[in-house]
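Q: Here is my input, please return the structure:
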Amino acid sequence: MLKFSYTSFIFLFIFSLAKAQEKEINPPYNIKTVSFVQNGSNVVPIFELGSTFELQFDDLYGNEANYYFEIVHCDYNWKPSEIPKTDYIRGFDNQRIMDYSNSFNTLQNYSHYKLPFPNQFATQLRISGNYMVKILNEDREIIFSRKFILYENHSTVAAQVKRTRNLNNIEYKQNLDIAITSNDIAFQTPLQNIKILLMQNGDFNTSIKNIPPQYTLGNQLIYKYDSETQFWGGNEFLYFENKDIRAANNNVAKVNSSSDIYSSFLYTSPARGNQIYTVYQDVNGNFVVKNINGSNQEIEADYAWVYFSLSAPAFRLNKDIYITGMFNNYSLSPEYKMDYNADKGIYEKAVMIKQGFTNFQYTVADKNGVIDYENAIDGNFYQTENEYTILVYYRENTDRYERVIGKGNANSLNIIN
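A: You can find the predicted model right below:
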């Protein structure tokens, strides 16, 4: 009996730990275009403490449903912090989202919701760190959740993108050299108390964590690793443009208006992994909602069925191909998994997307959602232009939570050998 109780206790302890980690929940089919907006633009959800920003999304049911929000402060590993909610929120959460409006002059009806910070409930976030915002329905069931991060300016983060020193991957990978200098904090035991997060193009799936400083120079931390801070270069994002939803624009082969909403058929994309690197501009996975015939893009931009097709005859791995980008939070949900058309010999998928300018890529992943970067459909090139973000987490010996005390950026346009 004692052995059973002890085993049960261990099981419940491990289960509670696993349950404690906050993970993003993908929205259902009717929730589209979830994005963080600052100064009128979709952005990577990393904001300076005290700044204003919004979470926006559309509900295709268009019935003005009641949605509520909840905010959770998390530690470096995205587990809820062991501090009271009043320590990180001034005001209230668990309130109904009051700012919403219905679409105007669109074939696809929808309700557009905006959750600003701060907001009319005096909801103001008081401390820096990792946050999870959860959107709930009337029954207080979680509809979806999103990560975002608040930072303070207490350190200077300098970064340089370099080619990898590993000759096996020198043509395919990019490496970050980082130097962190405190502006006004005397670091206490930095090898234990300082942590960093490295992100490529705002994708949490590719982030690199738990890299200690290689060495310290006074109050400066140096990271000059050969492999620990490497990213696969990838390729430039593909894109399409349907700002005028009735006409075939950039990378749209034809438009069909025979169904309830417009359909945009894209040109078939060839797999670029075995081609030479080609330079062209992208927005590093981002998207812009735009209807050139409308004035209020939030509610006058329409939705269209976008038909993707990919020719990848050399793809023989026992894995799946997904369409990803910031427009769907790089999601690997079944809604974005491509199907193989044996008659045409291509991969196809139709996705409903809000009109405008959209970056996307083809992502290879196994059945467990593990992404295969090495065998990317469009290859990896050290010349690819990527945007990198470096965040610095710090927790003093007497602190109850981890602060984000600095943010740095680097772009591989300035890559050096």
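Q: how far away is the residue nearest to the spatial centre of the chain from Ala159?
A: With distances taken as CA atoms, centre = their mean, Asp203 lies nearest the centre of the chain, 4.1 Å away. Distance, Asp203 to Ala159, using CB to CB, to the nearest Å: 17 Å. No exception for glycine: its C-beta is placed from N, CA and C like everyone else's.
Q: same check, this time on Ile97
A: For Ile97 relative to Ala159 (CB to CB), the value is 37 Å.
Q: tell me the domain boundaries of this structure?
A: Domain segmentation of the chain under the TED database yields 31-151, 155-233+384-411, 238-365.
Q: if we can go back for a sec, isn't the residue nearest to the centre of the chain up against Gly285?
A: Yes. Shown here, Asp203 and Gly285 form a contact pair, counting by CB atoms under 8 Å, at 7.0 Å.
Q: and for these two, which residues touch both?
A: Common contacts of Asp203 and Gly285 (CB atoms under 8 Å, 6 or more residues apart in numbering): Tyr330.
Q: mind listing the helices for the stretch 1-150 of the chain?
A: For the stretch 1-150 of the chain, the helices defined by DSSP state H, counting those that start in this stretch occupy 2-20, 85-88.
Q: related to what we said a few turns ago, and the pLDDT for the closest residue to the residue nearest to the centre of the chain other than its chain neighbours?
A: Sequence neighbours aside, Tyr330 is the residue nearest to Asp203 in space, at 5.0 Å (criterion: CB to CB, 6 or more residues apart in numbering). What the model reports as pLDDT for Tyr330 is 96.
Q: Does Tyr330 touch Met199 like I think?
A: No. Contact criterion CB under 8 Å: Tyr330 and Met199 do not qualify, at 11.3 Å.
Q: For Phe231, see how far away Asn284 is.
A: Distance from Asn284 to Phe231, counting by CB to CB: 13 Å.
Q: Looking at those two, which has the bigger crowd around it?
A: The neighbour comparison of Asn284 against Phe231 (other CB atoms under 10 Å) goes to Phe231, with 24 against 20.
Q: Is that one part of a helix or strand, or is it coil?
A: Phe231 falls in the strand class when you classify it by DSSP: H, G, I helix; E, B strand; the rest coil.
Q: So it sits against Tyr172, correct?
A: No. The pair formed by Phe231 and Tyr172 falls short of the contact definition of CB under 8 Å, at 10.1 Å.
Q: Spatially nearest residue to Glu24 (excluding sequence neighbours)?
A: Spatial nearest neighbour of Glu24, chain neighbours left out: Ser145 (5.5 Å); criterion: CB to CB, 6+ apart.
Q: Would you check how far apart that neighbour and Phe57 are?
A: Noted for Ser145: a distance of 12 Å to Phe57, by CB to CB.
Q: ditto for Ser81
A: Applying CB to CB to Ser81 and Phe57 gives a distance of 26 Å.
Q: Comparing the two, which residue is more hemmed in?
A: Comparing Ser81 with Phe57 by other CB under 10 Å, the one with more neighbours is Phe57, at 23 against 20.
Q: right, and the more buried one touches Ile31 too?
A: Yes. In this structure, Phe57 is within contact of Ile31 by CB under 8 Å, at 5.7 Å.
Q: shared neighbours, those two?
A: In contact with both Phe57 and Ile31: Phe144, using CB under 8 Å, 6+ apart.
Q: Could you tell me which ranges of the stretch 51-200 of the chain sit under the pLDDT cut-off?
A: Flagging of the stretch 51-200 of the chain using pLDDT under 70 yields the residue ranges 121-122.
Q: Strands of that one, start to end?
A: 53-59, 68-74, 89-90, 95-96, 99-102, 111-117, 124-125, 129-136, 142-151, 155-163, 173-182, 194-200 (DSSP state E, counting those that start in this stretch).
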